[in-house]
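[1] Predicted model, plus sequence, below.
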Amino acid sequence: MGRLSPLLVAWCAIGSLVGTSAGGSYMVKTERLLTDPGLVRGESHLRRRLEGHTAGDEPTVLGGSLYWSGNFSVGASRDLRLLLDTGSADCVLNPGVYKPSDLARTYNGSREFSGGYEGVTRLGFGFEIINGTVETDVVSAGGLTFDAQAIGNISHFHYIDAPRYPYASFAAKRADGLIGFSPRGGSAFTPESPSWFFNLANHGLLSEKRFGVISGTSGNGLFTIGTLARRFINGSLYAAADSGEFGEFTVQGDLTVDGQIFAANQTLIMDYGESNIQPPVHLAERLFATLGWQTHTRLQNNLGTPVTTVLAYFDCDKPPTIGFSFPAQSQLKPGEKAKNFDISPAVWDVYRHRRDRTNCTSIIGGTNAYASVAGNAWILGQPFFAGHYVDFDISEEPHTVSFGDLIDPSMSGLTD
Ligand SMILES: *[C@@H]1O[C@H](CO)[C@@H](O)[C@H](O)[C@H]1NC(C)=O
Ligand SMILES: *[C@@H]1O[C@H](CO)[C@@H](O)[C@H](O)[C@H]1NC(C)=O
Ligand SMILES: *[C@@H]1O[C@H](CO)[C@@H](O)[C@H](O)[C@H]1NC(C)=O
Ligand SMILES: *[C@@H]1O[C@H](CO)[C@@H](O)[C@H](O)[C@H]1NC(C)=O
Ligand SMILES: *[C@@H]1O[C@H](CO)[C@@H](O)[C@H](O)[C@H]1NC(C)=O
Ligand SMILES: *[C@@H]1O[C@H](CO)[C@@H](O)[C@H](O)[C@H]1NC(C)=O
Ligand SMILES: *[C@@H]1O[C@H](CO)[C@@H](O)[C@H](O)[C@H]1NC(C)=O
């Protein structure tokens, strides 16, 4: 998730980060991929280009660390696997990855950056600080090119509770860096840089100012940019207004259990670059109590900072039926209908494929890490996206985030 600058203020209180952060970005990935090779599904090489290159799509793959990546060219480097994030704005490359092209230019601003990224462990909690230098250069994917994108050339990781380099995937071969799609507020550069998607949109390089996330439950998906790929959608899209709160794609939705509203009008930060789903602690506790799940509460993180995290365990054979209904009842216009979108039963376990079928770790885990800055907002991470089409449309104010069902929720057809 992007710039929750007050969050950085909160981090400063931690002690070690004072003065290091020019901005905040969060949501990057750093988990070693071999923990669960079963999750790294066959890769799709399917690729489509549309006439005029004002829209394009790229196949995406869900890594074993539960982050989605796609194939990008940055500067003179091709075939880069970048983690896709709707919760931050910058394109940042791992140490040694960035090779400048002839289009490389000096960034008109601070040449250095430092940003805090959250969500760096498999469980979805954990922080790291990355820093490095900023250039502008060409970035392409799916036939779409912007030639003056700010690029972060990472020089340094400072892990807090993630494995140290080189045992973290953010620095491992599987991923070469991260590309954010959020509004400018999610940039760690000074001045803040528009994300690649916003640059494409703002420079008239897209036929439509939208992108879509199409995530299968089997680990294959597509990122579609500049168009609505209706052929993948079964039925209608249900639109929620994006409040833009916290500098992120933020919508209201109703939390449902077994199809019934459990907690109405929840504030949800749409964060495809987060591995799990993070409600505020009080709601997580109420939810887990209702489900009768065993829970484990951590009162501090590895730094000793008082952050409450509530994990929960459930019988792997009995995933719950929990979802979100859009638009929230509180936002329904006369005559408008809402639709419930359940989290797929296939994606409930953080670790998946565990031998112990009686004990899975829930992909929903409570946290109060953002309470001081984002109140009761949730971080709605990638597990929710599975099986659904999520369209981010910035063509009009307010921006909208729309939800639909996929015709083939697994997207397994993509590997053909
Ligand atoms: C990545 O995209 C480039 C074009 O930008 C293409 O030539 C290459 O084959 C793609 N690589 C993979 C692994 O899909
Ligand atoms: C560089 O940034 C300054 C202010 O931050 C602006 O006035 C100037 O026009 C910019 N130059 C270019 C070439 O974008
Ligand atoms: C990144 O952080 C490290 C450790 O704090 C520091 O030594 C280095 O100078 C920083 N580099 C940049 C470009 O800010
Ligand atoms: C990227 O940063 C590294 C230091 O981490 C530096 O050695 C390298 O020259 C930089 N690359 C470019 C193209 O600026
Ligand atoms: C729903 O939540 C939003 C954001 O917190 C708030 O502004 C609005 O008043 C709430 N609506 C209702 C009906 O509670
Ligand atoms: C499930 O696993 C967690 C984490 O290893 C453990 O704390 C918990 O006690 C286990 N629960 C059961 C019922 O085995
Ligand atoms: C579309 O959704 C409807 C209602 O859920 C379902 O009955 C139908 O089978 C779906 N169609 C396809 C092609 O998946």
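    Right, received. Where do you want to start? Ligands and ions are numbered 1, 2, ... in the order given.

[2] how many neighbours does His336 have?
    Let me fix one detail, which is that residue 336 is Glu and not His. For Glu336, the number of neighbouring residues by other Cβ atoms under 10 Å comes to 10. (Glycine included, C-beta is placed from N, CA and C.)

[3] so how far is Gln266 from it?
    Distance, Glu336 to Gln266, by Cβ to Cβ, to the nearest Å: 18 Å.

[4] in the protein, what spans have low per-residue confidence?
    Scanning the chain for pLDDT under 70 picks out 1-65, 119-124, 126-127, 158-174, 301-303, 351-355, 414-416.

[5] Let me see the domain layout of it.
    Listed domain ranges for the chain are 5-225, 233-415 (source: automatic domain parsing).

[6] For ligand 6, find the nearest of those.
    Each of those was scored for nearness to ligand 6 using Cβ to the nearest ligand atom, and the closest is domain 233-415 (3.8 Å).

[7] right, is the closest one up against ligand 7?
    Yes - in terms of Cβ under 6 Å from any ligand atom, part of domain 233-415 sits within range of ligand 7, namely Asn234, Gly235, Ile407.

[8] show me where this protein has helices.
    In the chain, the helices defined using DSSP state H lie at 5-14, 196-202, 281-291, 371-374, 382-385.

[9] Let me know which of those is the nearest to Ala89.
    helix 196-202 (7.6 Å; Cβ to Cβ).

[10] ok, back up a step: adding distance to ligand 3, write the residues of domain 233-415 next to ligand 7 out as JSON lines.
    What follows is the residues of domain 233-415 next to ligand 7, written out as JSON lines (distance: Cβ to the nearest ligand atom, whole Å):
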{"residue": "Asn234", "distance to ligand 3": "48"}
{"residue": "Gly235", "distance to ligand 3": "49"}
{"residue": "Ile407", "distance to ligand 3": "47"}
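
[11] Most neighbours among the residues you listed, which one is it?
    For the residues of domain 233-415 next to ligand 7, the largest neighbour count, defined by other Cβ under 10 Å, is 13 neighbours, found at Ile407.

[12] Quick check, it in contact with Ile233.
    Yes - with contacts counted by Cβ atoms under 8 Å, Ile407 reaches Ile233, the gap being 6.8 Å.

[13] got the residues of the stretch 251-400 of the chain near ligand 5?
    For the stretch 251-400 of the chain, the residues in contact with ligand 5 (Cβ under 6 Å from any ligand atom) are Gln252, Asn265, Thr267, Ser330.

[14] Buried among these? Need that as a selection in ChimeraX.
    Applying 16 or more other Cβ atoms under 10 Å to these, the buried members can be selected in ChimeraX as follows:
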select :252,267
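
[15] quick check, nearest of the residues of the stretch 251-400 of the chain next to ligand 5 to ligand 7?
    Ligand 7 has its nearest neighbour among these in Gln252, at 24.0 Å by Cβ to the nearest ligand atom.

[16] Tell me which of the domains of the chain sits most buried.
    Counting by mean count of other Cβ atoms under 10 Å, domain 5-225 has the highest mean neighbour count of those, with a mean of 21.

[17] In the chain, which residue sits closest to ligand 1?
    Taking Cβ to the nearest ligand atom as the measure, the point where the chain comes nearest ligand 1 is Asn71, at 3.7 Å.

[18] ok, that residue to ligand 5 distance?
    Using Cβ to the nearest ligand atom, to the nearest Å, we find Asn71 at a distance of 37 Å from ligand 5.

[19] For that residue, list each beta-bridge partner.
    Following DSSP bridges, Asn71 is listed with bridge partners Arg81.

[20] just to revisit the earlier point, now tabulate the helices of the chain in a markdown table and tack on distance to ligand 1.
    As requested, the helices of the chain are arranged in a markdown table below (distance: least, Cβ to the nearest ligand atom, whole Å):
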| stretch | distance to ligand 1 |
| --- | --- |
| helix 5-14 | 34 |
| helix 196-202 | 14 |
| helix 281-291 | 38 |
| helix 371-374 | 36 |
| helix 382-385 | 21 |
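
[21] right, so of those helices, which gets closest to Ala76?
    For the helices of the chain, proximity to Ala76 was assessed by Cβ to Cβ; helix 196-202 is nearest, at 16.9 Å.

[22] For that closest one, give me every contacting residue.
    The set of residues that contact helix 196-202 without belonging to it, under Cβ atoms under 8 Å, 6 or more residues apart in numbering, is 89, 91, 139, 144, 146, 148-149, 179-181, 183-184, 194, 205-206, 209, 211, 225-226, 394.

[23] and with 6 Å instead?
    Surrounding helix 196-202, the residues in contact under the criterion Cβ atoms under 6 Å, 6 or more residues apart in numbering are Cys91, Val139, Leu144, Phe146, Gln149, Phe181, Leu206, Lys209, Phe211.

[24] Phi and psi next, for Gly109.
    According to degrees, to the nearest 10, the main-chain angles of Gly109 amount to phi 170, psi -160.

[25] How about the contacts made by it?
    Contacts were defined as Cβ under 6 Å, 6+ apart; by that measure Gly109 touches Thr190, Pro191.

[26] partner residues bridging Val401?
    Beta-bridge pairing for Val401 (DSSP bridges): Ala240, Phe392.

[27] cool, and the one 5 residues further on?
    Counting by DSSP bridges, Leu406 is bridged to Ile233.

[28] give me every residue that touches it.
    Listed by Cβ under 6 Å, 6+ apart, the contact set of Leu406 reads Phe232, Gly387, Tyr389.

[29] let's see 7 Å
    Listed by Cβ atoms under 7 Å, 6 or more residues apart in numbering, the contact partners of Leu406 are Ile214, Phe232, Ile233, Asn234, Gly387, His388, Tyr389.

[30] Could you do Arg184 as well?
    Applying Cβ under 7 Å, 6+ apart, one finds that Arg184 lies in contact with Ala89, Glu192, Ser193, Pro194, Phe198.

[31] gap between the residue lying closest to Phe125 once chain neighbours are set aside and Ala284?
    Here the nearest residue to Phe125 in space, its sequence neighbours aside, is Thr309; by Cβ to Cβ, 6 or more residues apart in numbering that works out to 5.5 Å. For Thr309, the distance to Ala284 equals 9 Å [Cβ to Cβ].

[32] what's the overlap in contacts for the two?
    When contacts are counted by Cβ under 7 Å, 6+ apart, Thr309 and Ala284 have Gly365, Gly366 as shared neighbours.

[33] ok and the residue in the stretch 251-400 of the chain nearest ligand 7?
    Checked against ligand 7 (Cβ to the nearest ligand atom), the nearest residue in the stretch 251-400 of the chain is Lys339, 10.0 Å away.
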